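A.B. asks: how would this look folded up:
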Amino acid sequence: MNSDSHAATTEDQDDGLPSPLPVAAAALPPSLQRLTDRARDYVQAASSANTRRAYAADWKHFAAWCRRHGFELLPPAPQTVGLYVTACASGTATLDGRPNSVSTIERRLSALAWNYAQRGLPLDRTDRHIATVMAGIRNTHGAPPVQKEAMLPEDVIAMLETLDRGSLRGLRDRAMLLIGFAGGLRRSEIVGLDLNRDETEDGRGWVEFLDKGIIVTLRGKTGWREVEIGRGSSDSTCPVVALQTWLKLARIGHGPLFRRVTGQGKEVGADRLNDREIARLVKRAAMAAGIRGDLAEDERGARFAGHSLRAGLASSAEVEERYVQKQLGHTSAEQTRRYQRRRDRFRVNLTKAAGL
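C.D. replies: Numbers count the residues shown, from 1 in each chain. Below you'll find the model as predicted:
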């Protein structure tokens, strides 16, 4: 392989992102070098941290596969990429020999296209060596998506009962579950909230307390949006009360809403929680509450994730679909319907309507 010389002109940083300017930019005057640094910040802001991590891991996986088989990594070759996705589908590209799912292969392909684009080397995904192979992979291995279990209101209440009301960690987890469910928020949106506007560089939004509830302003996948979280019918299940209680007892007056609790549960740190903590919380509380106890233990554990809260709101809110769509920040009603695990089916019976 002889791609080292090319790689030297598109040097990667620790997070897997190419430098926004060639290596020669190191000789620029300080003022322009600062612009280079700012350009890199904008490159990072173009996608979420989770996306960047996934794309960096996929690029590393592809690069290692190319090295093993003696393929050039740069410039992009559709024939090589077509063989790579074939290896992913057959299991020969993985250490354990298990084939990747179609959704994983689609993500890997998106990661390659994105990484090549950052290097100024577009990958033609419509080339027959890629497009035709992917069509065959979808037809052969495609399967309906495996959806996470939706946390319905009764499930959330049962999960709340498993939390320690007398500890800071329990109060924090209670607030995260209720805010996440009532707001239909993604896990990154939950942990990305600050108390007020423009308080941290990594914040994704902030909250405003009103008499009737909370206005959450979010920077999400589809841009900025406002989410209304109203007060609950009782204090025990009210997301507003839960958040106010956590903020008061945790003595948070600035910065991230949800932080690590340390010192045997008696101290609140300054750092923002990682969004993976939301998935762990949902899984842990659901298991403790005995939700889906009809399933085997390992199968139950795989059913719950951070998206269970969003799916739960979409499935249980008895309002017009457009309000749910707005709350979740979806651009189409069809996207919202994919989150609805429980809805009125067969309301319109076309069989009878057709005369049978």
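A.B. asks: each with direction, which strands does the helix or strand harbouring Glu228 pair with?
C.D. replies: Assigned by DSSP states H and E, Glu228 belongs to strand 223-230. Strand partners for strand 223-230, identified by DSSP bridges, are recorded as strand 213-220 (antiparallel).
A.B. asks: distance from the strand it pairs with to the middle of the chain?
C.D. replies: 17 Å (C-alpha atoms, centre = their mean, to the nearest Å).
A.B. asks: hey, C-alpha coordinates of the strand holding Glu228 in PDB?
C.D. replies: Once non-C-alpha atoms are left out, strand 223-230 reads as follows in PDB (Å, rounded to 0.1, in the frame of the first residue of the first chain):
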ATOM      1  CA  GLY A 223     -32.300  22.800  13.800                       C
ATOM      2  CA  TRP A 224     -33.500  24.800  16.800                       C
ATOM      3  CA  ARG A 225     -36.900  24.000  18.200                       C
ATOM      4  CA  GLU A 226     -39.000  24.700  21.300                       C
ATOM      5  CA  VAL A 227     -40.500  21.900  23.400                       C
ATOM      6  CA  GLU A 228     -43.300  22.500  25.900                       C
ATOM      7  CA  ILE A 229     -43.300  20.300  29.000                       C
ATOM      8  CA  GLY A 230     -46.400  20.800  31.000                       C
END
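A.B. asks: avg pLDDT for that strand?
C.D. replies: In this model, strand 223-230 carries a mean pLDDT of 89.
A.B. asks: how about stretch 314-323?
C.D. replies: Mean pLDDT, computed over stretch 314-323, is 75.
A.B. asks: where does the prediction get shaky in the protein?
C.D. replies: Filtered on pLDDT under 70, the chain yields the residue ranges 1-27, 145, 220-222, 330, 335-336, 338-348.
A.B. asks: tell me the helices and strands packed up against the biggest helix by length in it.
C.D. replies: Taking DSSP state H as the criterion, the chain has its longest helix at helix 49-69. With contacts defined as 3 or more C-beta pairs under 8 Å, 6 or more residues apart in numbering; DSSP states H and E, the packing partners of helix 49-69 are helix 78-90, helix 102-118. Using the backbone N, CA and C atoms, a C-beta is placed for each residue, glycine as well.
A.B. asks: how about 10 Å then?
C.D. replies: Using 3 or more C-beta pairs under 10 Å, 6 or more residues apart in numbering; DSSP states H and E as the contact criterion, the neighbours of helix 49-69 among helices and strands are helix 78-90, helix 102-118, helix 187-191.
A.B. asks: thinking again about what came up before, got the buried residues for the strand holding Glu228?
C.D. replies: Of the residues in strand 223-230, those buried by neighbour count under the rule 16 or more other C-beta atoms under 10 Å are Arg225, Val227, Ile229.
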